[in-house]
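Undergrad: 3D, please:
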Amino acid sequence: MERVRGAGTVLVVLVVLGAPPAAGEELSGVFEDMAKHECHFINGTERVRFVERLIYNRQQYMHFDSDVGVYVGDTPYGEFQARYWNRIQERLDYFRAQVDTFCRHNYKVFTPFSVERRVPPSVSILLVPSSSQPGPGRLLCSVMDFYPAPVQVRWFQDGQELPEHVVATDVVPNGDWTYQVLVMLEIPPRRGVTSPCQVEHVSLEHPLSQQWEMPQDIVCSKILVGVGGFVLGLVFLVLGLGFYLREKRLSRRRLQPLPVASGPAGIPQSIPTQSSSYSTSFQNAKNYQTDLRTKKNQGDLRVKKNQMDLKAKKDWVDLRAKKNWGDLGTKKNERDLRTRKNRVDLRTKRNQTNLRAKENRGALRAKKNGTDVRVKKKQVELKDKTKQVDMRAKRNREI
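TA: Numbering: from 1, shown residues only. Model (predicted):
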């Protein structure tokens, strides 16, 4: 079933209190009265149905269906209005004729860019960072600028479809008679595993597939991080082991007893030792240990600083992604506002055209009425002249 809708919207804002509000005051109430026109086509223009819907504050209170031919009330107030409008035969004839004058006529206009129009999609795959889940990120398949709206996007991995690990947005209109959709794969990418995104659309003769493989820079960065961590750990292990063996050797030398010898007067004398050299080496060892601790603390500070920088960069990327999503929402709202404005303009132009047509019909009726009055006047004059002629004839006969 092909369906083309022509809709016009008229917004009426009323103030409940009656007087216009002064500057700075808020409105006490806002009400919306909308008329919506629809054309339903079945098998082209073989069968056409025109529907007018009258809505007040998002509630339909009356509608006109060309298959029924009269207004039908959907609420008690709508039933009252339907009885009034059904008594105006000219209005009923006008809306019954909309099947041909509005629907079938506009079908020829809308068909080239609404029914027969085909715009193939453009497909790209992006690696989006994820702050809530570990890993390098998630794959996002972006399908842009296609028409009509129905489209099917599927993710594959090693030749198998992944229907359960996919999150997709709604098909979003761009405002220029094209659409877009985003489909994310929740499984993180792995090295050596291909993840193609396949798109099927009526404008494509064959499904369009876009593959993604992990870039070499990501693989190299992971290898470098692993090798750097291993080398750093090995250096700390060697330094710690050397420091432990040095301390153990120095402690053994300090615990050895010093030999005692007797002097010439029987006074015990100690054998000269290298205590000063030992104290100097011990102090050097302490200084070396202090330097090692200082270097280790500096290394820890650098690691913490790098971690904080990575976290800040990750937060910045998340903020930028959120901002991009917000910009997409803002653009969508602007497109919706433009579409609504265009619909209001179309409705206004149509109302102006209807007013001109009514004025022309009124002028034609006025001319017709003037002509009828002149004809009647001439008929009366002819009757009077006929009576006068008859009177004269009677007088002549009597004479």
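Undergrad: Roughly how far does the closest residue to N174 other than its chain neighbours sit from T101?
TA: Once flanking residues are discounted, N174 sits nearest to Q180: 6.0 Å by CB to CB, 6 or more residues apart in numbering. (Glycine included, C-beta is placed from N, CA and C.) Noted for Q180: a distance of 36 Å to T101, by CB to CB, to the nearest Å.
Undergrad: out of these two, which sits in the more crowded spot?
TA: The residue with more neighbours, out of Q180 and T101, is Q180; 19 against 12, by other CB atoms under 10 Å.
Undergrad: Quick check: W155 touching V166?
TA: Yes: in this structure, W155 is within contact of V166 by CB atoms under 8 Å, at 5.4 Å.
Undergrad: Assumed the residue nearest to N174 was part of a strand.
TA: Yes: assessed with DSSP: H, G, I helix; E, B strand; the rest coil, Q180 lies in a strand.
Undergrad: And the contacts of the host helix or strand of Y84?
TA: Per DSSP states H and E, Y84 falls inside helix 76-85. Helix 76-85 is contacted from outside by 54, 60-62, 70-73, 91-92, using CB atoms under 8 Å, 6 or more residues apart in numbering.
Undergrad: Helix, strand or coil: sort out E52 for me.
TA: strand.
Undergrad: Show me the beta-bridge partners of the closest residue to it other than its chain neighbours.
TA: Spatial nearest neighbour of E52, chain neighbours left out: F64 (4.2 Å); criterion: CB to CB, 6+ apart. F64 has these beta-bridge partners by DSSP bridges: E52, Y71.
Undergrad: Am I right that A35 is in a strand?
TA: Yes: assigned with three-state DSSP, A35 falls within a strand.
Undergrad: I figured it hits Y56, correct?
TA: No: A35 lies out of contact with Y56 (CB under 8 Å); the separation is 10.2 Å.
Undergrad: any residues in contact with both of these two?
TA: With CB under 8 Å, 6+ apart, A35 and Y56 have no common neighbours.
Undergrad: quick revisit: mind checking how far the residue nearest to N174 is from R118?
TA: Q180 is 16 Å from R118, by CB to CB.
Undergrad: And R302, by the same measure?
TA: Distance from R302 to R118, by CB to CB: 58 Å.
Undergrad: who's more crowded, W155 and V166?
TA: W155 (23 against 17).
Undergrad: for that one, phi and psi?
TA: phi -100, psi 140 (degrees, to the nearest 10).
Undergrad: now D67
TA: Taking degrees, to the nearest 10 as the convention, D67 sits at phi -70, psi -30.
Undergrad: Tell me how many other residues surround the residue nearest to it when sequence neighbours are not counted.
TA: Closest residue to D67 apart from its sequence neighbours, by CB to CB, 6+ apart: R49 at 5.7 Å. As a burial measure, R49 scores 14 neighbours (other CB under 10 Å).
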